[in-house]
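Q: Please find the sequence and the predicted model below.
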Amino acid sequence: MEFKQNVLCIGAGYVGGPTMSVIADRAPDVKVTIVDINKARIDAWNSEDLPIYEPGLYDVVKRARGRNLFFSTDIDGAIREADIIFVSVNTPTKTFGHGAGMASDLQYWEKTAREILAAANGSKIIVEKSTLPVRTAEAMSTILNSNDKGIHFEILSNPEFLAEGTAIRDLETPDRVLIGSEQTPEGLAACEKVVDLYARWVPREKILTTNLWSAELTKLTSNAFLAQRISSINSISALCEKTGADVSEVAKVMGQDKRIGPHFLKASVGFGGSCFRKDVLNLAYLCEFYGLHEVSAYWKSVVDMNEWQESRFVSRMLENMFNTIAGKRIAVFGFAFKADTGDTRESPAHHVVRDLLDERALPIITDPKAIPEAKRDLADVLDKVQFEADPYAAAKGAHAIAICTEWKQFCDLDWKRIYDGMEKPAFVFDGRNLVDAPALRDMGFRVFQTGR
Ligand code: UDX
Ligand code: UDX
């Protein structure tokens, strides 16, 4: 079949995979190719067993794969064929040199830009999908456009706002799509082509266009504001525990104020995921770089509060379990950073497990989707932790249950059966305010929830 346009995405991860699958699903006359340096990942995308768990994703992939959606490792061939190239490679926090621990590590991005340059035989539109520091597009434009092939690259920024676990819904009915471009005739023309792509299923008024740097900064700022809301409510959860107020009641009433709004006010064991920590630190680094020390410190405190909230969880267990958990079996319910994903990047559960190990407790981890990832994250301490697919088995003989992920499955368990199998007194530390605490107390559990 003759395709109207060739779209390529480099990086078949949590962002690139779902985003491009939805584009292919919604634009059947566009050929969408996704490439990755990781062959195992591409093989998985081509199989029944996709490399990431995301509700609804498989149905979308199945509809488009082989029709106009292709997963491949032929990066150079795909670059040559493409009109528009989305780049969605990872940009982790730098672990070395200048800005270590805060700045983004741009080595994969730059390497990808140079690969594009080497393989390209005609002008292309390059779209940043990865979250990048402000003014990266400018640097990439310099690298790409200093070529002697006589070809031109227009760089756009199209940050992705999907949240894991709801990625397909977020992509199919987004609150907004953002496309930043240079405000030159070429920049605006390139921008229009990407607008047209999204306009096949997103209402035009939801597709917002800005200059390049506004787009890059908006992504960092959106995540920083979301993370800040969680740190704010988590800070209040600590005060609630001291005063006898209930953080859920406080959040509910606050949320009725239209100016505050009801979403993203759930107190928790802490926020995780690949974006929040990285993006907030990146924003703080950017401010520091421009000499805005107070602004930098303000945003950095969002991450500090999150770390404190994570550490507070095991401290509270200790306080209530007679100041020792050494040798005690602690069932950890949930290792993913949130429900409906197998992703464990920056998961608060990981922090909790490390704290449990410091106290010489024995964590038994159960999670509906993330056990393989948990085993990988804990590879250095595999002799000190256990894994159980079945939550009843995980809780058997345990002194306490630590709920770290808000999997709905955990609500539906037979908690009486769990209680009967545990050491007494049986404790539940609910880092997600998931369970019906009064009902569990009636069964005999000692229940501690966040901010209550
Ligand atoms: C990534 C970034 O981490 C994030 O900042 C951005 O907002 C979106 O893209 P994610 O999709 O979750 O997020 O990352 P990941 O699942 O790690 O996927 C990145 C993929 O790029 C990996 O599959 C990796 O193999 C691939 N990659 C990396 C390349 O194909 N080429 C490279 O040079 C480097
Ligand atoms: C986030 C942004 O929401 C998304 O727009 C962006 O593109 C990527 O980063 P994600 O990290 O996938 O998405 O999930 P999100 O739903 O934002 O949750 C992040 C963390 O915050 C999770 O650990 C979650 O459990 C926690 N959280 C969320 C809370 O603790 N309380 C809340 O009220 C909401």
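A: Perfect, thanks for sending it. Ligands and ions are numbered 1, 2, ... in the order given.
Q: residue contacts, Gly272?
A: The contact partners of Gly272, by Cβ atoms under 8 Å, 6 or more residues apart in numbering, come to Phe337, Lys338, Thr344, Arg345, Glu346, Ser347, Pro348, Ala349, His350. In this view, the C-beta of every residue, glycine as well, is placed from N, C-alpha and C.
Q: If we use 10 Å, what do you get?
A: The contact partners of Gly272, taken as Cβ atoms under 10 Å, 6 or more residues apart in numbering, are 306, 310, 336-338, 343-351, 404-405.
Q: Keep only those that also lie close to ligand 2.
A: With Cβ under 6 Å from any ligand atom as the criterion, the contacts of Gly272 include Phe337, Lys338 near ligand 2.
Q: Please flag which of the contacts of Gly272 sit within helices.
A: Those of the contacts of Gly272 mapping onto helices are Asn306, Glu310, Pro348, Ala349, His350, His351, per DSSP state H.
Q: Tell me the one among those residues nearest to Leu265.
A: Closest approach between the ones in helices among the contacts of Gly272 and Leu265, by Cβ to Cβ: Asn306, at 15.1 Å.
Q: The closest one and Trp299 touch, don't they?
A: No: the pair Asn306 / Trp299 is not scored as a contact, 11.8 Å apart, by Cβ atoms under 10 Å.
Q: shared neighbours of the two, which are they?
A: The contact sets of Asn306 and Trp299 overlap at Ala227, Gln228, Val280 (Cβ under 10 Å, 6+ apart).
Q: Just among those residues, which is most surrounded?
A: The most neighbours of any of the shared contacts of Asn306 and Trp299, using other Cβ atoms under 10 Å, belong to Val280, which has 26 neighbours.
Q: higher neighbour count, Asn306 and Trp299?
A: The neighbour comparison of Asn306 against Trp299 (other Cβ under 10 Å) goes to Asn306, with 27 against 24.
Q: Pull up the gap between that one and ligand 1, please.
A: Counting by Cβ to the nearest ligand atom, to the nearest Å, the gap from Asn306 to ligand 1 is 18 Å.
Q: Ignoring the adjacent residues along the chain, who's closest to that residue?
A: Among residues not flanking Asn306 along the chain, Gly270 sits closest, at 4.9 Å (Cβ to Cβ, 6 or more residues apart in numbering).
Q: what sits against the one you found?
A: Gly270 makes contacts with 230-231, 234, 276-277, 305-313, 337, 346-349, 351-352, 404, 431, 450, as judged by Cβ under 10 Å, 6+ apart.
Q: go with 8 Å
A: Contacts of Gly270 (Cβ under 8 Å, 6+ apart): Ile230, Asn234, Asn306, Glu307, Gln309, Glu310, Phe313, Pro348, His351, Gly431.
Q: Quick one: buried ones out of those?
A: Buried by 16 or more other Cβ atoms under 10 Å: Ile230, Asn234, Asn306, Gln309, Glu310, Phe313, Pro348, His351, Gly431, out of the contacts of Gly270.
Q: in stretch 128-140, what's buried?
A: Those would be Glu128, Lys129, Ser130, Thr131, Leu132, Pro133, Val134, Thr136, Ala137, Ala139, Met140, for stretch 128-140 by 16+ other Cβ under 10 Å.
Q: Identify those among those residues that sit within helices.
A: Judged by DSSP H, these include Thr136, Ala137, Ala139, Met140 as members of helices.
Q: just to revisit the earlier point, out of the shared contacts of Asn306 and Trp299, the closest to ligand 2 would be?
A: Of all those, Ala227 has the smallest distance to ligand 2: 7.4 Å, by Cβ to the nearest ligand atom.
Q: What is the burial count for the nearest residue to Val195 once chain neighbours are set aside?
A: Excluding the flanking residues, the one nearest Val195 by Cβ to Cβ, 6+ apart is Ile207, at 5.4 Å. Neighbourhood size, Ile207 [other Cβ under 10 Å]: 19.
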